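# After the sequence you'll find the predicted model.
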Amino acid sequence: MRLALYQPDIPQNTGAILRLAACLGVGVDIIEPCGFRLDDRRMRRAGMDYLEIASYRRHPDWDAFRAEPSGRLVLLTTKAESDHLGFRFAESDTLLLGRESEGVPDFVHQAADARLAVPMVAGARSLNLATAAALVLGEALRQTQGFPG
């Protein structure tokens, strides 16, 4: 199980996601370009000392990310027709999160093996990116018995 961030905009979210991944033993792929430098103090503040134990790979662009073999690509998006609760996750899945400001372009949507949303009340537009990552990753790890310990 991995998390992937497509051109993240907000350093605090990236730091929080790297901290989440470090605590749960999950790798992260960061697909550049990012909207900030990866040594940004705001990212380091959100990630705290967990950034030292986080396992992440940087990819210069989408094509470089896709060139590496992996399992299914599962896109988390508000545009999905099904939610994460009815989905059967696999240990080899990569959960992909889009840019906070724009999501992902159509070609990324088309490349995804599955598109999932988090159920929300009517009128709610979206969750914070790190919150959505935690909710869906938690369910995926529960299903695959992938929690540490």
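Done, it's in. Computed from a predicted structure; not experimentally measured.

# tell me which helix or strand of this protein sits lowest on mean pLDDT?
Lowest by mean pLDDT, DSSP states H and E among the helices and strands of the chain is helix 41-47, with a mean of 84.

# Show residues contacting that helix.
P11, Q12, N13, T14, G15, A16, L18, R19, A22, F36, L51, A54 (C-beta atoms under 8 Å, 6 or more residues apart in numbering). Where C-beta positions appear, they are placed from N, C-alpha and C, glycine not excepted.

# what's the most distant pair in the residues you listed?
Across the contacts of helix 41-47, the longest distance by C-beta to C-beta is 19.2 Å; it joins A22 and F36.

# Among those two, which residue is more densely surrounded?
For A22 versus F36, the count of surrounding residues by other C-beta atoms under 10 Å is larger for A22: 21 against 16.

# secondary structure class for F36?
coil (DSSP: H, G, I helix; E, B strand; the rest coil).
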